[in-house]
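A.B. asks: just the structure for this:
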Amino acid sequence: VVAKIIHQASSRQEGPFIKVNCAAIPENLLESELFGYEKGAFTGANKEGKIGLLEVAHNGTLLLDEIGDLPLYLQVKLLRAIQERAIYRVGGVKPIDLNVRIIAATNRDLLAMSKEGKFREDLYYRLNVVPIHIPPLRSRKADILPLTQYFLSKFNKQYNFDKQIHSDVLNCLENYHWPGNVRELENIIERALVMSLQSIVLHQHLPDNFTGCQTAVKVDVRVNEIVHLKEAE
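C.D. replies: Numbers count the residues shown, from 1 in each chain. Down below sits the predicted model:
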């Protein structure tokens, strides 16, 4: 989501936004998916060759998700592409110029991996130009209720419902630790709306393993802005 916002707010917004999950593509296919290949480059290759996703993202943005899963030999090739602003297709000898913004995402400690020899240190520093840390949902409790209202509205519209969420359930959501972050919150809101036969979502509509509800809900006082003392009372 953050990568897409960066793309849409930039001068590249009219260009393509391409997302590649480095962990989801088999290692033996990842190079040809990223860099493409020339015709006859290997057995089973398309007769006409194939354009790679780096080329598809020309004049746009390429999101490399789970960059920590990129094999070392491809890290070398990616580093060269970033530095030279050009790539070679598999089996190709002619450089192809590129103008691509690369955004890399990971939940791993790449610096620690580089010290262990599992991630190239030179690539780490080449990618780590403008680092953006996205804290987990449990660290930004003030976002839980606005996101809940957003997903409530989204799924009410999707399923043609007109349901609300009980205030006690909202307290439960605020006190949950959210190991699955925003995706888990979205999933729980959708499930609760679908499972509820009433017009309001109650405790029993939450998953059985949900641990956010407590008999004595701790009052979490947060100050988001400076207010007058009488207003605070």
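
A.B. asks: give me the low-pLDDT residue ranges for the chain?
C.D. replies: Within the chain, the stretches with pLDDT under 70 are 40-47, 212, 214-233.

A.B. asks: how about the helices in it?
C.D. replies: Under the criterion DSSP state H, the chain contains helices at 2-8, 27-35, 53-56, 72-84, 110-115, 121-127, 144-159, 167-175, 181-195, 229-232.

A.B. asks: give the bridge partners for residue 37, please.
C.D. replies: Taking DSSP bridges as the rule, residue 37 bridges to residue 50, residue 90.

A.B. asks: help me confirm that it comes into contact with residue 55.
C.D. replies: No - Residue 37 lies out of contact with residue 55 (CB atoms under 8 Å); the separation is 11.2 Å. The way it works is simple: take the backbone N, C-alpha and C, and place the C-beta from them, glycine included.

A.B. asks: okay, now the nearest residue to residue 180 once chain neighbours are set aside: neighbour count?
C.D. replies: If the residues on either side of it in the chain are set aside, residue 180 comes closest to residue 187, at 7.3 Å by CB to CB, 6 or more residues apart in numbering. By the criterion of other CB atoms under 10 Å, residue 187 has 13 neighbours.

A.B. asks: ditto for residue 178
C.D. replies: Residue 178 has 19 nearby residues by other CB under 10 Å.

A.B. asks: am I right that it is in contact with residue 185?
C.D. replies: Yes - counting by CB under 8 Å, residue 185 is a contact partner of residue 178 at 6.5 Å.

A.B. asks: find residues that contact each of these two.
C.D. replies: Listed as contacting both residue 178 and residue 185 by CB atoms under 8 Å, 6 or more residues apart in numbering are 137, 144.

A.B. asks: so who does residue 78 touch?
C.D. replies: 34, 70, 123.

A.B. asks: residue 49 versus residue 7, what's the distance?
C.D. replies: Noted for residue 7: a distance of 28 Å to residue 49, by CB to CB, to the nearest Å.
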